[in-house]
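# A structural model of the following input is requested.
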Amino acid sequence: MAEIPILDPSEAPRARRWDALILGSGLSALLAAARISGAGHRVLVVEEEARIVLPPALREPFFLGGLRDQGLLDASLRALAIPLIDRRRISNERLAYQIAADPIRMDVGQPMLTAEELVAWGLAKPDEAQTLVRHLVEASEIERALLFESPFVRVGRRTIGALNHPAASGGPGTAPGLGHHKRGLPGAAASASGNLAHALDAQVRALSNLGDRSPAPEARARLLGLALAGGAGFSDDPPWLVDLFRKRVTALYGDMRTLTGNFELVSVSGQPGIRVVRTGEIWLGRTLVIAAPPSALRDAYGDDPMRPAPHLLEREGPRAYRAVFLYRTPTSILPEGMGARVILPGADRKRPIAAVTAYPCQTHPNRVDLVARAVINDVSPETLEARSAALRAEIGDRLRALMPFCSDELAQIEVEMPRWDSDDGWLEDPTDQTGWPGEIDLRLSSRPPIFHLDRAAAAGLGLEGDLLLGWRGGDAIAAELG
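Numbers count the residues shown, from 1 in each chain. Coordinates of the predicted model:
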């Protein structure tokens, strides 16, 4: 590994400069860019070409939640000043998602619905179901309140105030107005067994962005409780959530540039940035924000000895890969009771859990696009293609079992996924005890100034982790820029 190359100013006479250069265009990157540009700073978001050409459905999260009850999704939309006409396009839904695993076909959503479903499918007795749901709602609400109160991120050393904050220290905390309930996963959920435990674990795997590691108990409580407020969705065609964030970035002081081919990190006169290998263009910022998995950026460098990857992209520990597949089927063959989001656990706990979202097809009328996601553990770049192909066939079989009348009508659509710029793809785990309920250190380097939106540290919270990382991270970086 090497340091970031320092170029003489004479080598970059036409370098373009911004206040902040953000490498990556996922949800947290876009939200951070909007917050930084909203503070009056010029921002460049660098996105991989393969991400730009993806169908809009493949850029969207599996599950949207937190639109009601002062949730983080609603708060993020308001913090970005998303126009009211666009916010109104997102509607609350009573159903969060369904779990389809023989012999279970249960709906998960608002508390009364979920409790009834637990009883109907024999997962709990009536009193047990009501207690489980009530305790999950209480535990989730505590985490929601603390997420809003917590700094969530820091730049460099932790402050004394942050050390004493219950959310930052990881110790027990009490959210205002919620009594003295203990934090973490309620006992009824933590001690669950059999099909109930399988259903709870499947939800956590589908909602979390971690690789091999399981979320902390506090994060698990928030993930499971979030669905009990129901879901959210767009009732019309794009732009959907990711593109709304993109529009907000460009409406302020933000630029978007597409990166084609190879690149390398460089520094000119103390300003970090990237050099496009094919064209020689150099884009610099007063600060560089890495908003993509470092290990994926390291893979993008390859093994060229003339262009070694800098050491700050080295990431220790195992990682996993969340594969995304696109299927297409006629609308008429969808089961009548099938919702827009379905979690498909494997036949046994060793098989990957698939999370499927249905979208209206943008290119063919009377067709539905099914976006399926599943995590592949213990995989390397060398074995990824073969294992992805096997998993795609397996998920196709699961979908055919779910839709018995589809016959040969279920089509598999080939798409090229980004190498490093994706909210799916390579999933990393935090390298230490960072992440909720602790704080995330953004600073990678002081000279040159480089920050890292460490998604692995926020991954246990799923979508809300992405939103809060971008929101609070963007504000912290904007403050550093002055």
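
# how distant is stretch 398-409 from the center of its chain?
Computed by C-alpha atoms, centre = their mean, to the nearest Å, the chain-centroid distance of stretch 398-409 equals 29 Å.

# how long is that stretch end to end?
Taking C-alpha to C-alpha, to the nearest Å, stretch 398-409 runs 14 Å from one end to the other.

# Make 72 the first number, not 1, from now on.
OK, 72 is where the count begins now, so the last one is stretch 469-480.

# Contacts for it next, please.
Applying C-beta atoms under 8 Å, 6 or more residues apart in numbering, the external contacts of stretch 469-480 come out as 171, 398, 400-401, 404-406, 409, 413, 415, 425, 427, 441, 443, 481. C-betas here are computed from N, CA, C, even on glycine.

# swap the cut-off to 7 Å and go again
Stretch 469-480 is contacted by residues A171, Y398, T400, P401, I404, L405, P406, L415, A425, L441, L481 when judged by C-beta atoms under 7 Å, 6 or more residues apart in numbering.

# Let's have those residues in CSV, adding pLDDT, neighbour count and distance to L155.
Listed next are these as CSV, based on pLDDT from 0 to 100; neighbours: other C-beta atoms under 10 Å; distance: C-beta to C-beta, whole Å:
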residue, pLDDT, neighbour count, distance to L155
A171, 95, 22, 36
Y398, 98, 21, 35
T400, 96, 20, 35
P401, 95, 16, 36
I404, 92, 14, 38
L405, 92, 16, 33
P406, 90, 14, 36
L415, 97, 23, 36
A425, 98, 25, 36
L441, 98, 25, 31
L481, 95, 18, 39
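
# Point out the ones among the residues you listed that are inside strands.
Applying DSSP state E to the contacts of stretch 469-480, the entries found in strands are A171, Y398, T400, P401, L415, A425, L441.

# what's the following helix or strand after the host helix or strand of D198?
Element membership for D198 (DSSP states H and E) is helix 197-220. Proceeding N to C from helix 197-220, the next assigned helix or strand is strand 224-225, under DSSP H and E.

# what's in contact with that next one?
Contacts for strand 224-225 (C-beta under 7 Å, 6+ apart): A233, E510, I511, D512, L513, R543, G544, A547.

# ok, the ones in strands among the contacts of stretch 469-480 vs A367, which is closest?
Of all the ones in strands among the contacts of stretch 469-480, A367 sits closest to A425, with 22.2 Å by C-beta to C-beta.

# P520 versus that closest one, what's the distance?
41 Å (C-beta to C-beta, to the nearest Å).

# And for D468?
D468 is 50 Å from P520, by C-beta to C-beta.

# Between these two, which is the more surrounded one?
Between D468 and P520, counted using other C-beta atoms under 10 Å, the more crowded position is P520 (21 against 11).

# excluding its backbone neighbours, what's nearest that one?
In this structure, P520 finds its nearest non-sequential neighbour in T358, 4.3 Å apart by C-beta to C-beta, 6 or more residues apart in numbering.

# Give the buried residues for whichever helix or strand that neighbour is part of.
Counting by DSSP H and E, the element that carries T358 is strand 353-361. Across strand 353-361, burial judged by 16 or more other C-beta atoms under 10 Å covers I353, W354, L355, G356, R357, T358, L359, V360, I361.

# so where do the strands sit in the stretch 422-553 of the chain?
425-431, 438-447, 482-484, 496-499, 511-512, 514-516, 521-523 (DSSP state E, counting those that start in this stretch).

# so what secondary structure elements neighbour the first one?
Taking 3 or more C-beta pairs under 7 Å, 6 or more residues apart in numbering; DSSP states H and E as contact, the helices and strands that strand 425-431 lies on are strand 412-415, strand 438-447.

# Out of those strands, the one nearest A290 is which?
Nearest of the helices and strands packed on strand 425-431 to A290, taken as C-beta to C-beta: strand 438-447 at 16.4 Å.

# residue boundaries of the strands in the stretch 222-371 of the chain?
For the stretch 222-371 of the chain, the strands defined by DSSP E, counting those that start in this stretch cover 224-225, 302-305, 325-330, 334-339, 342-347, 353-361.

# Starting from the first one, tell me which strands it pairs with and how they run.
Sheet neighbours of strand 224-225, with direction, are listed as strand 511-512 (parallel) (DSSP bridges).

# For the strand it pairs with, give the mean pLDDT please.
Mean per-residue pLDDT for strand 511-512: 94.

# distance between that strand and the chain's centre?
A distance of 17 Å separates the centroid of the chain from that of strand 511-512, by C-alpha atoms, centre = their mean.

# what's in contact with that strand?
F223, V224, R225, T505, D525, A528, A529, L540.

# Closest one of the residues you listed to L315?
Once C-beta to C-beta is applied, the member of the contacts of strand 511-512 that ends up nearest L315 is L540, at 17.8 Å.

# so who does the closest one touch?
S99, I511, L524, R526, A529.

# Mind giving me the PyMOL select for those residues, buried ones only?
Those of those that count as buried under 16+ other C-beta under 10 Å are selected in PyMOL with:
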select buried, resi 99+511+524+526+529
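
# Any chance of the contacts of L540 in JSON lines with distance to I153 as columns?
Listed next are these as JSON lines, based on distance: C-beta to C-beta, whole Å:
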{"residue": "S99", "distance to I153": "16"}
{"residue": "I511", "distance to I153": "24"}
{"residue": "L524", "distance to I153": "20"}
{"residue": "R526", "distance to I153": "22"}
{"residue": "A529", "distance to I153": "21"}
